[in-house]
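Engineer: compute the structure for the input listed below.
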Amino acid sequence: MGNQFKQRLWLGAIALVVGVLVLYGVSSEAQLEQLTVDGVRLRSHLTQLATERYADLSLARTRAYLTQQLQDYGYEPSAQAFGTGDSAGTNLSVVRMGTRDPGHTILVGAHYDSVVGSPGADDNASAVAAALEIARLFAHYPTDKTLEVVFFDQEELQPEGAGLLGSNAFVGEADNLDGLESAVILEMLGYACYEPGCQSYPAGLEQQNFPSQGDFIGVIGDAEHPDLLAVFETAEGEPAPDRPLRAVTLPVPVGALPFMPDLFRSDHVPFWLKGVGAVMVTDTANFRNPNYHRSSDTLESLELDFLNQTTQYVVDRLERLLTVS
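Structural biologist: Model prediction:
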């Protein structure tokens, strides 16, 4: 009886270990599935967002949509009003606390305003849709660090000639920078072109060995935080199913502003000037998309498969950034 009892104990222990391993495998697979981008949702967001977002009424309507979506995901959005007159605006933000290292925050940001006369499907409804999907996917997905998703207002050039108003207002509040480790700014993510020569570059980068076709995603980061930019690199020679999207990354010294102003036109810049590591993820805007700031920047002009891939690429990088190594 003694030997049989011991054998049963061993068999029970082995069964328990196997059960735990199977459960862990199922749980891990379920977590991976939770971080899979839903292209149908992205298109639905674009359908709602791709209208001119410049006047007070249209901006208020957009904020109402963003607020409702975020509440549906379980968040309590916070509003930050700033400015006066034509420079007045409102940023929206949500926070999902980390589990092991909540004092360190990774921020994802996208501006939700457009220029007058443009529905802004690529600029910047594509990035807003991606940010909403990121908020949904991570709402109940535990990560070590804290995630903050911010929707900036008044990024576009205002009558006074000063853009980036929402992001400047955000970094101007000291509490918003407390514990902020890195910022990932999404700026136009849904346009691709495949003809040789359809991709151009800012002055000073023409002689670089960059692709002549716009089938990649561009990522620029401040040269002072190379480890952040390295997370967004894609390895050469990897099989297409494992790496469907190629990224072209570029480190930029913050002091290059007077020489390369085209690299300093989005909401990553205020973070750079505050010494916070930041990257801008972009389809390169007017250097690829002929509809930039025009009435032709419509949903129909976008390539939604490319947007799906880009959003998934950002999600995968965020999962790494939110993990304590």
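
Engineer: between the two ends of stretch 118-127, how far is it?
Structural biologist: Stretch 118-127 has its terminal residues 16 Å apart, counting by C-alpha to C-alpha, to the nearest Å.

Engineer: need the longest strand for this structure.
Structural biologist: Using DSSP state E, we find that the single longest strand of the chain is strand 101-111.

Engineer: just the mean pLDDT for the helix or strand that it is followed by, thanks.
Structural biologist: Where DSSP states H and E defines the elements, the next helix or strand beyond strand 101-111 is helix 127-138. On average, the pLDDT along helix 127-138 is 98.

Engineer: can you list the low-confidence ranges for the stretch 201-325 of the chain?
Structural biologist: For the stretch 201-325 of the chain, the stretches with pLDDT under 70 are 236-243.

Engineer: about what we covered before: output the contacting helices and strands for the longest strand of the chain.
Structural biologist: Counting contacts by 3 or more C-beta pairs under 8 Å, 6 or more residues apart in numbering; DSSP states H and E, strand 101-111 packs against helix 127-138, strand 145-152, helix 165-171, strand 180-187, helix 304-321. To be clear about C-beta, it is placed using only N, CA and C from the backbone, and glycine gets the same treatment.

Engineer: neighbouring contacts of it?
Structural biologist: Residues outside strand 101-111 that contact it (C-beta atoms under 8 Å, 6 or more residues apart in numbering) are 95, 98, 124, 127-128, 130-131, 134, 144-156, 166-167, 179-187, 266-267, 314, 318, 321-322, 324.

Engineer: tell me the buried residues within those residues.
Structural biologist: Buried positions within these, assessed by neighbour count (16 or more other C-beta atoms under 10 Å), are 95, 98, 124, 127-128, 130-131, 134, 145-156, 166-167, 180-187, 266-267, 314, 318, 321-322.

Engineer: now the longest strand of the chain: how far from the chain's centre is it?
Structural biologist: The chain centre lies 11 Å from the centre of strand 101-111; the measure is C-alpha atoms, centre = their mean, to the nearest Å.

Engineer: mind exporting the C-alpha coordinates of it to CSV?
Structural biologist: Extracted in CSV, the C-alpha atoms of strand 101-111 (Å, rounded to 0.1, in the frame of the first residue of the first chain):
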residue,chain,number,x,y,z
ASP,A,101,6.5,49.0,-12.2
PRO,A,102,3.6,51.4,-12.3
GLY,A,103,5.8,54.4,-11.6
HIS,A,104,7.3,54.2,-15.2
THR,A,105,5.0,55.3,-18.0
ILE,A,106,5.0,54.7,-21.8
LEU,A,107,2.9,57.2,-23.6
VAL,A,108,1.2,56.8,-27.0
GLY,A,109,0.0,60.0,-28.6
ALA,A,110,-1.9,61.1,-31.8
HIS,A,111,-3.4,64.5,-32.7
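
Engineer: which neighbours does that strand have in its sheet, and in what orientation?
Structural biologist: Strands that pair with strand 101-111, judged by DSSP bridges, come out as strand 145-152 (parallel), strand 180-187 (parallel).

Engineer: wait, which of those strands is closest to Glu300?
Structural biologist: Smallest distance to Glu300 across the strands paired with strand 101-111 (C-beta to C-beta): 20.7 Å, for strand 180-187.

Engineer: nearest residue to the most centrally placed residue in the chain other than its sequence neighbours?
Structural biologist: When C-alpha atoms, centre = their mean is applied to the chain, the residue found nearest the centroid is Leu186 (4.4 Å). Distances taken as C-beta to C-beta, 6 or more residues apart in numbering place Ala127 nearest to Leu186, at 3.6 Å, with adjacent residues excluded.

Engineer: next: Asp297.
Structural biologist: Using C-beta to C-beta, 6+ apart and skipping the chain neighbours, the partner closest in space to Asp297 is Asn291 (4.1 Å).

Engineer: quick one, what contacts the one you found?
Structural biologist: Residues in contact with Asn291 (C-beta under 8 Å, 6+ apart) are Asp122, Tyr191, Asp297, Thr298, Ser301.

Engineer: same thing but 10 Å
Structural biologist: Contacts for Asn291 (C-beta atoms under 10 Å, 6 or more residues apart in numbering) come out as Ser118, Pro119, Gly120, Ala121, Asp122, Asp123, Tyr191, Asp297, Thr298, Ser301, Leu302.

Engineer: which phi and psi does it have?
Structural biologist: phi -90, psi 0 (degrees, to the nearest 10).

Engineer: in three-state terms, label Asn91 for me.
Structural biologist: Following DSSP: H, G, I helix; E, B strand; the rest coil, we place Asn91 in the strand state.

Engineer: I'd assumed Leu164 was in contact with it.
Structural biologist: No: look at Asn91 against Leu164 with C-beta atoms under 10 Å: they stay out of range, at 11.8 Å.
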